[in-house]
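**Student:** The sequence and its predicted three-dimensional model are supplied below.
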Amino acid sequence: MKGPKIRFEKVLKAYGELKVLEDLDFHVDENEVVAIIGPSGSGKTTVLRVLMTLEGIQGGTIFVGDEPLNVMRKGDRLVPANRAHVRRIRSKIGMVFQSFNLFPHMTALENCIEAPVQTKGLSKSEATAESLELLAMVGLTDKRDHYPSQLSGGQQQRVAIARALAMRPEILLFDEPTSALDPEMVGEVLNVIRDLARSGHYTILLVTHQMGFAREVSDRVCFFDGGVMVEEGAPDDIFGNPQNDRLRHFLSKILEAT
Amino acid sequence: MAGRIIAVVALTAFLCGISFATFSELRIFLPAMLRGAVVTLQVSILSAVLFIVMSFLAGIAKDSGTRLVRWLAIGYIEVFRGTSLLVQLFWLYFVLPEFGIVLSPMMAGVLGVGLNFGAYGAEIVRGAMLAVPRGQQEASVALNLSDRACLIRIVIPQAVVVMIPGMTNLTIELIKATALVSAVTLVDITYASVQQNQLHYRTLEIFTITVMLYYCFAQFIRFGGSALEDRFSRHLRRGH
Amino acid sequence: MDWRWDFTFDVVIPRLWEAAGVTVYATVASFLLALVGGLILMLLKTSKNRMVSFAVTEFIELIRATPLLVQIFFLFFLLPEVGITLPPLTSGIIAIALYNSTLCAEVYRAGLQAVPRGQWEAAMALNLSTYRTFRRIIIPQSLPPIVPALGNYLIAIFKETPLLSFVAVGEIMHASKLIGSEYYRFTEAVTIAGVFFLVMSLVSAQLVRLVETYLQRSIQR
């Protein structure tokens, strides 16, 4: 059996005195779909951000495959990872943001081909062909030459997904991908994510407030609170038979709201 | 806007025509003033190039991760903004030779004006770069773009739109500031008018022409600035 | 290079110190005139008479598009021709003040515009007189943006005074030029003049920042 695709070992993330993640041990298997839920400030988004190297960590080790992300082997010692090492590991990970973060000065297609051309050394025509396939997959072939300002929120987020896929990542991170959307556009984005989850080609980490969707697509659900993973398990167990008080409290508040 | 530029050109042509008809001495002092105008243009164009280069260098360096680079940028900005342009011009032309560096008047003028305005432009460039949302850099990291690609392909193209109005204003100020280069013995349009005035005592005519010339330069820059802004912000407008 | 300290202390500093008085006088006088001039220009610009407001707007445009130095020369040469004989210092101060009053006018206008419309409407709803509306409601709120901007213009004027050396006003720059041509040594005089301006503008920029934070805090209370 292969080792996990992502592994956190005693990861500590702190802003000064405030500990956002405390000695976190956590793993995701290859091609597993894991949903992370929890109240705001629970550190769930931070898990994605430190994995994407948007933020550094103060202790512990993150592994992607067999390789450590934040440190590297030099001879028989471990030293802080240099830029080349981080970039090599990072190329396996794609991320979709809550606020899309499309490049406003580039069309949908240009957004998708930018990174493959700049970092993977693909020719413009190769990258274009691939990106057009991806745009077709998210149902936006006819919007290829539109700028982000000309697209609806749902369309922008689908372009952002195509852009992340254009890097041919093995791991996909979704950071509350529908939280910034108007309600009527949530469905179109969730459909795309659902297809990706079911394809079985990707290891997916999904931070979301859409409990129904988390239950539907994920293989496993993790509940975070106060920088600690409080409970994890199969979706039906987490939602149907929660063990921890804090999880029960959280779920009941969510149910009240809907 | 195009209408405005045509109006300005037409007005200038009209005024020139009137002046030719009215001031018979014009033929005597106009050639010298035109030579001055050419010097003003030369200094303006060369120092504008230096100004833009220095604005970007210092503006980017001020937020550099390397402390030495950051301090160099801050030192440059504070020194050139803190002392007057006139002092700087004198220093370049009269004091630098003491260090064995002798500059031609044109070089001293261009360096002085360009470096002085670069220090002001640096803050505009820096502000514009900071105005680019943080998410754009995060997206670049997520797409594994290098720091350089992120700066050149993502941040600067978006910052340019923001900085155009400020840089346009500064360019107009720069053209006005070239009036000081007579301090390093260059005979620009301003100094040419002073010389011609001392010869011919035609203050009103001579200085009206000078004022109109500067006014036209400024209008041209303004026109160019809004054309550039239009060009760069086309994609940011909503709708098709 | 050789830097002569005895020359610096015996000649340069005493003579620049004398000239500094002229610089300060020119700065303060131009600034005060510009404050008043700016107010007049702003009132004329917002005048109900379209001709007046158009003429003033274009006049401001023209002044701003022209180098201050040209205006200093213009006044310096023109006034005697029309029979007004003023010392160069005075005509220089008038030119600097005129130039900066166009900038001050803009500052006043922006400051007044920064007060939300609702404030005017609320004052009207409370039936306050125009005077009281300005005195108690509008001016206190528009001061925080106006005062720092004016402070920056004070610094700018200070840095513009060396232009007066072109019409032989004995301020600092002129004094250092004179020292240079009398002794054939520019290094000390020009450098000390530069240091003087650098120190003065760093200190005054800090002062403006202090005033700015003070005003911001006082309005938030």
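**Tutor:** Structure received. Numbers count the residues shown, from 1 in each chain, chains lettered A, B, ... in the order given.
**Student:** For the chain, which segments count as helices?
**Tutor:** No chain was given, so I picked chain A. Using DSSP state H, the helices assigned to chain A run over residues A:44-51, A:83-90, A:108-119, A:124-137, A:153-165, A:183-199, A:211-217, A:235-240, A:245-257.
**Student:** meant chain C, my bad for not saying
**Tutor:** C:5-7, C:13-45, C:50-65, C:68-81, C:88-113, C:117-125, C:130-132, C:139-160, C:172-183, C:187-220.
**Student:** Tell me which of those sits nearest to chain A.
**Tutor:** Closest of the helices of chain C to chain A is helix C:187-220, at 24.9 Å (criterion: CB to the nearest CB). For every residue, glycine as well, the C-beta is placed using N, CA and C.
**Student:** of the helices of chain A, which approaches A:N101 most closely?
**Tutor:** helix A:153-165 (7.0 Å; CB to CB).
**Student:** tilt between the closest one and helix A:124-137?
**Tutor:** 140 degrees (axes from the mean of the first three to the mean of the last three CA atoms, to 10 degrees).
**Student:** quick one: is helix A:153-165 near chain B?
**Tutor:** Yes. Applying CB under 8 Å from any CB of the partner chain, one finds that helix A:153-165 is in contact with chain B at A:R163, A:A164.
**Student:** just checking, what packs against that helix?
**Tutor:** For helix A:153-165, the packing partners by 3 or more CB pairs under 8 Å, 6 or more residues apart in numbering or on different chains; DSSP states H and E come out as strand A:93-96, helix A:108-119, helix A:124-137, helix A:183-199.
**Student:** In terms of pLDDT, where does C:R136 sit?
**Tutor:** If you check C:R136, the pLDDT there is 83.
**Student:** To what extent is the closest residue to it other than its chain neighbours buried, counted in neighbours?
**Tutor:** Here the nearest residue to C:R136 in space, its sequence neighbours aside, is C:L128; by CB to CB, 6 or more residues apart in numbering or on different chains that works out to 7.3 Å. For C:L128, the neighbour count with other CB atoms under 10 Å in any protein chain shown is 16.
**Student:** isn't C:L128 right next to C:R135, touching?
**Tutor:** No. At 9.3 Å, C:L128 does not count as touching C:R135 under the criterion of CB atoms under 8 Å.
**Student:** Name the residues contacting each of the two.
**Tutor:** Shared contacts of C:L128 and C:R135, defined by CB atoms under 8 Å, 6 or more residues apart in numbering or on different chains, are absent.
**Student:** so where is the chain shaky, pLDDT-wise?
**Tutor:** Since no chain was named, I'll use chain A. A:1-2, A:258 (pLDDT under 70).
**Student:** hmm, I had chain B in mind actually
**Tutor:** B:1-6, B:16-26, B:236-240.
**Student:** Just give me the residue right at the centre of chain B.
**Tutor:** Among the residues of chain B, the one closest to the centroid is B:T171, at 3.1 Å (CA atoms, centre = their mean).
**Student:** Give the closest residue to it in space, chain neighbours not counted.
**Tutor:** Once chain neighbours are set aside, the closest to B:T171 by CB to CB, 6+ apart is B:I221, at 5.1 Å.
**Student:** returning to that earlier point: quick one: the helices of chain C as TSV, columns for distance to chain A, mean pLDDT and mean neighbour count too.
**Tutor:** Converted to TSV, the helices of chain C look like this (distance: least, CB to the nearest CB, whole Å; pLDDT from 0 to 100; neighbours: other CB atoms under 10 Å in any protein chain shown):
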stretch	distance to chain A	mean pLDDT	mean neighbour count
helix C:5-7	50	82	11
helix C:13-45	36	91	18
helix C:50-65	32	88	15
helix C:68-81	38	90	21
helix C:88-113	28	92	21
helix C:117-125	29	84	12
helix C:130-132	44	85	10
helix C:139-160	30	85	19
helix C:172-183	46	85	20
helix C:187-220	25	81	17
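**Student:** Now render the ones you listed as CSV, adding distance to B:R202.
**Tutor:** Shown next, in CSV, are these (distance: least, CB to CB, whole Å):
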stretch, distance to B:R202
helix C:5-7, 43
helix C:13-45, 28
helix C:50-65, 20
helix C:68-81, 10
helix C:88-113, 19
helix C:117-125, 51
helix C:130-132, 49
helix C:139-160, 27
helix C:172-183, 27
helix C:187-220, 34
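**Student:** Which one of those lies nearest to A:V228?
**Tutor:** So among these, helix C:187-220 is nearest, using CB to CB, at 38.7 Å.
**Student:** relative to helix C:172-183, how tilted is the closest one?
**Tutor:** Using the same axes, to 10 degrees: helix C:187-220 against helix C:172-183 is 170 degrees.
**Student:** one step back: count the neighbours of the residue nearest to B:T171 for me.
**Tutor:** 22.
**Student:** Double-check that it belongs to a strand.
**Tutor:** No. Counting by DSSP: H, G, I helix; E, B strand; the rest coil, B:I221 falls outside a strand, being helix.
**Student:** how about it, what does it touch?
**Tutor:** B:T168, B:T171, B:I172, B:I175.
**Student:** ok, of the residues you listed, which one's closest to chain A?
**Tutor:** Scanning these for proximity to chain A, where the rule is CB to the nearest CB, the winner is B:T168, at 19.6 Å.
**Student:** which helices and strands sit right next to the helix of greatest length in chain B?
**Tutor:** As assigned by DSSP H, the longest helix anywhere in chain B is helix B:26-61. Here helix B:26-61 touches helix B:67-82, helix B:105-131, helix B:156-177, helix B:189-200, helix B:203-232, going by 3+ CB pairs under 8 Å, 6+ apart.
**Student:** could you measure B:T66 against chain C, distance?
**Tutor:** In this view, B:T66 and chain C are 24 Å apart by CB to the nearest CB, to the nearest Å.
**Student:** That residue: neighbour count?
**Tutor:** 9.
**Student:** which residues sit in contact with the residue nearest the centre of chain A?
**Tutor:** Most central in chain A under CA atoms, centre = their mean is A:L173, positioned 1.1 Å from the mean C-alpha point. Residues counted as contacts of A:L173 (CB under 8 Å, 6+ apart) are A:L48, A:L51, A:M52, A:I93, A:G94, A:M95, A:V96, A:I204, A:L205.
**Student:** ok, now with 6 Å
**Tutor:** By CB atoms under 6 Å, 6 or more residues apart in numbering or on different chains, A:L173 lies in contact with A:L48, A:M95, A:L205.
**Student:** Backbone dihedrals for residue 170, please?
**Tutor:** In the absence of a named chain, chain A is used. Torsion angles at A:E170 (phi, psi; degrees, to the nearest 10) stand at phi -100, psi -30.
**Student:** that answer is for a different chain, and I need it for chain C
**Tutor:** Torsion angles, degrees, to the nearest 10, at C:G170: phi -80, psi 50.
**Student:** Near chain C, which residues of chain B are found?
**Tutor:** Near chain C, the residues belonging to chain B are B:82-84, B:86-87, B:90-91, B:94-95, B:98-99, B:176, B:179, B:190, B:194, B:197, B:203, B:207, B:210-211, B:214-215, B:218 when assessed by CB under 6 Å from any CB of the partner chain.
**Student:** These, buried ones only, as a PyMOL selection?
**Tutor:** Applying 16 or more other CB atoms under 10 Å in any protein chain shown to the residues of chain B next to chain C leaves a buried subset, and the PyMOL line that selects it is:
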select buried, chain B and resi 82+83+84+86+87+90+91+94+95+176+179+190+194+197+203+207+210+211+214+215+218
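**Student:** How about the contacts made by B:L143?
**Tutor:** A:A115.
**Student:** Compute the distance between it and B:L96, please.
**Tutor:** Between B:L143 and B:L96 the distance is 47 Å, computed by CB to CB, to the nearest Å.
**Student:** just A:V20 next, same as before
**Tutor:** 54 Å.
**Student:** Please identify which of the two sits among more neighbours.
**Tutor:** Taking neighbours as other CB under 10 Å, A:V20 and B:L96 compare with A:V20 leading, 22 against 18.
**Student:** right, and A:Q156 touches A:F100 too?
**Tutor:** Yes. Judged on CB atoms under 6 Å, A:Q156 makes contact with A:F100 at a distance of 4.6 Å.
**Student:** and the two? which has more neighbours close in?
**Tutor:** A:Q156 (27 against 24).
**Student:** No further queries at this time; thank you.
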